[in-house]
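Trainee: what follows is a predicted structure for the sequence shown.
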Amino acid sequence: MNDASARTVDPVVKRAADVTYEAVGAADGLGKGVLIDESDGAPNFAIRRFTLAPGAEVPKHTNEVEHEQYVLAGEYSVGIGEGNDVEEYVVSAGDALLIPAGTVHWYRNDGDEEGAFLCAVPNGDDAIELVE
């Protein structure tokens, strides 16, 4: 038995009212709430909930870690890739995305409804680098 499997993790139930949402500096209209992460005792992953206001755009950027996303509400565009390998997708509730670490991506909400998505990432640093 290795040290990781010997650790005991306590269950956590965090109520919606206990999640604080903060503006994300990289984009007007983008909010982030951390649902569960290592500060709650989660040993491996963090789950975050993002909101994307109508008219909001998140600039092209990369993240140091992979992202798995699940769209909860709204309809918005997600651009993935760069150069000749750019794809833009319109996503809506029920869609899921995998954005590998280091992949250029961006978001744009052209609709009248707020978009919302869950984002699961490995615990630890998630350095964001804006791409011009």
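Mentor: Noted; the coordinates are in hand.
Trainee: spatially speaking, which residue is in the middle of the protein?
Mentor: Cys119 (3.5 Å; CA atoms, centre = their mean).
Trainee: contacts for the helix or strand harbouring that one?
Mentor: Following DSSP states H and E, one finds Cys119 within strand 115-122. Defining contact as CB atoms under 8 Å, 6 or more residues apart in numbering, one finds that strand 115-122 is touched by 35, 44-52, 63, 65-76, 107, 109. (Glycine included, C-beta is placed from N, CA and C.)
Trainee: the residues you listed, buried ones only, as a ChimeraX selection?
Mentor: The buried residues among those can be selected in ChimeraX (16 or more other CB atoms under 10 Å) with this line:
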select :35,46,47,48,49,50,51,52,63,65,67,69,70,71,72,74,75,76,107,109
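Trainee: among the contacts of strand 115-122, which ones are in strands?
Mentor: Counted as lying in strands by DSSP state E, out of the contacts of strand 115-122, are 35, 45-52, 63, 67-73, 75-76, 107.
Trainee: kindly state the pLDDT recorded for Glu132?
Mentor: pLDDT for Glu132: 76.
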